[in-house]
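**Student:** With the input below, show me the fold.
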Amino acid sequence: MWYGLGQYGLLELAIDHDSLRIRQVDVGQPTLSLAARYKHGARLPIAQVVALGERHLLIVRQGVDSLRYSGIVLFDYVPGHHFQLAWNAPDTLARSPQALARLQAQDRRVLFGDYYYSARFINELQRLRPIDEMTKPEFERYFARYADKVRQATRRFEANEPNYRYVFASQLPGYNFALATQALLEEGFCPLYDEYAVQALYRRFYSRKALDKKVKAILGN
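**Tutor:** You can find the predicted model right below:
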């Protein structure tokens, strides 16, 4: 099992030889139980898994009786630790797994994605400091790291993605949250919080007006 830090809670991702299943875990904050109940789930049939250099392409059949296939791309894979699930990979349909693999193999774009961690690493994250212990100086260091991540991601996306504004705008809320949790982790704090808990952290130190000003400074508005 692999677990992602979604805006609205923990996501469980199971990849078997013939299917991919993703479910939202119904958990409380700040302590997460991996044996919790599930809110909802989805199962996708995997027709084939293809290694494309440092990428792994999961070829998914679009419906049981369909002759169309689409792909899910994993990259930055570290066995037993994490991988990223790309959200800007080519959104392409093909009539066979082989045709789809050929199309995906030609793609050279820089990929952006959401992190998924092993269950063991998630358990390690729970032992990090909770964000309610964060001081104002620690928050400033955290926010500076987060701001730098947003600026770097924006520059990289502008340089590498032809449909920059459409794709980036559609993914911005979720990706901003992913960058925020990555910054928490790198500053030594537990990142296992949903969007509401992170927003509450910001409100501890800044008014809405002051926070809006800081965010606009990051985005260059």
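**Student:** List of residues touching the helix or strand hosting residue 215?
**Tutor:** Of the helices and strands defined by DSSP states H and E, residue 215 is found in helix 208-219. Contacts with helix 208-219, where a contact means C-beta atoms under 8 Å, 6 or more residues apart in numbering, come from 143, 147, 150-151, 154, 202-203, 206. Bear in mind the C-beta positions are built from the backbone N, C-alpha and C, glycine included.
**Student:** top of those residues by neighbour count?
**Tutor:** With neighbours defined as other C-beta atoms under 10 Å, the most crowded of these is residue 143; it has 21 neighbours.
**Student:** what about the strands in this protein?
**Tutor:** Read by DSSP state E, the chain holds these strands, from start to end of the chain: 2-6, 9-15, 19-25, 38-52, 55-61, 69-78, 82-86, 113-118.
**Student:** Least confident of the contacts of helix 208-219?
**Tutor:** pLDDT is lowest at residue 154 among these; the value there is 80.
**Student:** distance of that residue from residue 127?
**Tutor:** Applying C-beta to C-beta, to the nearest Å, the value for residue 154 to residue 127 is 33 Å.
**Student:** in the lengthiest helix in the chain, what counts as buried?
**Tutor:** Across the chain, the longest stretch assigned as helix under DSSP state H is helix 136-160. Neighbour-count burial for helix 136-160, counted by 16 or more other C-beta atoms under 10 Å, picks out 138-139, 142-143, 145-147, 149-150, 153-154, 157.
**Student:** which other helices and strands contact that helix?
**Tutor:** Contacts of helix 136-160 with other secondary structure elements, assessed using 3 or more C-beta pairs under 8 Å, 6 or more residues apart in numbering; DSSP states H and E, are made with helix 164-186, helix 195-205, helix 208-219.
**Student:** do that again at 7 Å, thanks
**Tutor:** The elements that helix 136-160 packs onto, with contact taken as 3 or more C-beta pairs under 7 Å, 6 or more residues apart in numbering; DSSP states H and E, are helix 164-186, helix 208-219.
**Student:** next one: that helix to chain centre, how far?
**Tutor:** 16 Å (C-alpha atoms, centre = their mean, to the nearest Å).
**Student:** How about stretch 127-139?
**Tutor:** What separates the centre of stretch 127-139 from the centre of its chain is 22 Å, taken as C-alpha atoms, centre = their mean.
**Student:** Give me the residues contacting that stretch.
**Tutor:** Applying C-beta atoms under 7 Å, 6 or more residues apart in numbering, the contact partners of stretch 127-139 are 30, 184, 187-190, 193, 201, 205.
**Student:** May I see the PyMOL selection of the buried members of those residues?
**Tutor:** Here is the PyMOL selection string for the buried members of the contacts of stretch 127-139, based on 16+ other C-beta under 10 Å:
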select buried, resi 184+187+189+190+193+201
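**Student:** With pLDDT and distance to residue 122 added, can I get the contacts of stretch 127-139 in CSV?
**Tutor:** Written out in CSV, the entries for the contacts of stretch 127-139 read as follows (pLDDT from 0 to 100; distance: C-beta to C-beta, whole Å):
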residue, pLDDT, distance to residue 122
30, 39, 13
184, 96, 14
187, 97, 18
188, 97, 16
189, 97, 15
190, 95, 10
193, 90, 13
201, 94, 20
205, 92, 27
